[in-house]
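Trainee: when you get a sec, could you give me coordinates for this:
(2 chains)
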Protein chains: 2
Amino acid sequence: MTSSDLQEQLNIKALNLLQGDADKIEKLIEIQMENLDTRYCPLYEEVLDTQVYGFSKEVDFAIRAGLVSEPVGKQLISNLERNLSVLYEAMNNKTQAAE
Amino acid sequence: MTSSDLQEQLNIKALNLLQGDADKIEKLIEIQMENLDTRYCPLYEEVLDTQVYGFSKEVDFAIRAGLVSEPVGKQLISNLERNLSVLYEAMNNKTQAAE
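Mentor: Residues are numbered from 1 along each chain as shown, chains lettered A, B, ... in the order given. Predicted coordinates for the structure are as follows:
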């Protein structure tokens, strides 16, 4: 294997790992979205924030280690943050409607 | 450059990045240790826990991406956790002495 093959292999592996981690958090967001009416858990917000923080540290490391380009890494994080803010808005609307 | 040279280079780079991040948290722990008497800040504990959590996500990713061996990665985290628990014990002793 040449060094550029190896670099490509490592980059693909890193991206797959990050995408897998993002998908797991995405799943948590979806579950909460589906359960806004029935099983609202106030700790969910903190759990999701912590998960996204940890994920952003992973992505930041992958960029610095030269495995993922900065635009691709930032995109992964901003996708998650966008979905998270949609969830928070829906949660806020629920809370206000209940008052 | 051969692929094994590249792998070695990437592994060294990853380890240096992680060690640098660990050193920064270590520095935060030392600062708080030195200021137990004068500038105790209750939020420090939460800040440090968050930093160590983020660091453990970085290390975990580096292991999964094949850049750092599991024993080396775990050692980096356990070093930090040990120093953190020394700090927390000292903080607890201070609090009890003040009561």
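Trainee: export stretch A:51-67 to CSV, keeping only CA atoms.
Mentor: C-alpha atoms of stretch A:51-67 as CSV (Å, rounded to 0.1, in the frame of the first residue of the first chain):
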residue,chain,number,x,y,z
GLN,A,51,-23.3,14.8,23.5
VAL,A,52,-22.9,17.5,20.9
TYR,A,53,-20.0,19.1,22.9
GLY,A,54,-18.2,15.7,23.0
PHE,A,55,-18.8,15.2,19.3
SER,A,56,-17.4,18.7,18.5
LYS,A,57,-14.2,17.7,20.4
GLU,A,58,-13.9,14.6,18.3
VAL,A,59,-14.4,16.5,15.1
ASP,A,60,-11.9,19.2,16.2
PHE,A,61,-9.3,16.5,17.0
ALA,A,62,-9.9,14.8,13.6
ILE,A,63,-9.3,18.1,11.8
ARG,A,64,-6.1,18.8,13.8
ALA,A,65,-4.9,15.3,13.2
GLY,A,66,-5.2,15.8,9.5
LEU,A,67,-7.9,13.1,9.0
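Trainee: what does stretch A:54-63 contact?
Mentor: A:14, A:18, A:21-22, A:25, A:68-70, A:73-74, A:76-77, A:80, B:17-18, B:53-55, B:57-58, B:60-62, B:65 (C-beta atoms under 8 Å, 6 or more residues apart in numbering or on different chains). (C-beta placed from N, C-alpha, C; glycine too.)
Trainee: now it: how far from the chain's centre is it?
Mentor: Mean-position distance between stretch A:54-63 and its chain equals 11 Å (C-alpha atoms, centre = their mean, to the nearest Å).
Trainee: ok, stretch A:77-86 next?
Mentor: 7 Å.
Trainee: mean confidence score for that stretch?
Mentor: Mean per-residue pLDDT for stretch A:77-86: 93.
Trainee: quick check: buried residues in that stretch?
Mentor: A:77, A:80, A:83-84 (16 or more other C-beta atoms under 10 Å in any protein chain shown).
Trainee: past the strand or helix carrying A:A62, which element shows up next along the chain?
Mentor: Using DSSP states H and E, the element containing A:A62 is helix A:43-64. Under the assignment DSSP H and E, the closest C-terminal helix or strand after helix A:43-64 is helix A:70-98.
Trainee: what helices and strands are in contact with that following helix?
Mentor: helix A:3-34, helix A:43-64 (3 or more C-beta pairs under 8 Å, 6 or more residues apart in numbering or on different chains; DSSP states H and E).
Trainee: export those helices as a markdown table, with columns for mean neighbour count and mean pLDDT.
Mentor: Output for the helices and strands packed on helix A:70-98, formatted as a markdown table (neighbours: other C-beta atoms under 10 Å in any protein chain shown; pLDDT from 0 to 100):
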| stretch | mean neighbour count | mean pLDDT |
| --- | --- | --- |
| helix A:3-34 | 15 | 94 |
| helix A:43-64 | 18 | 94 |
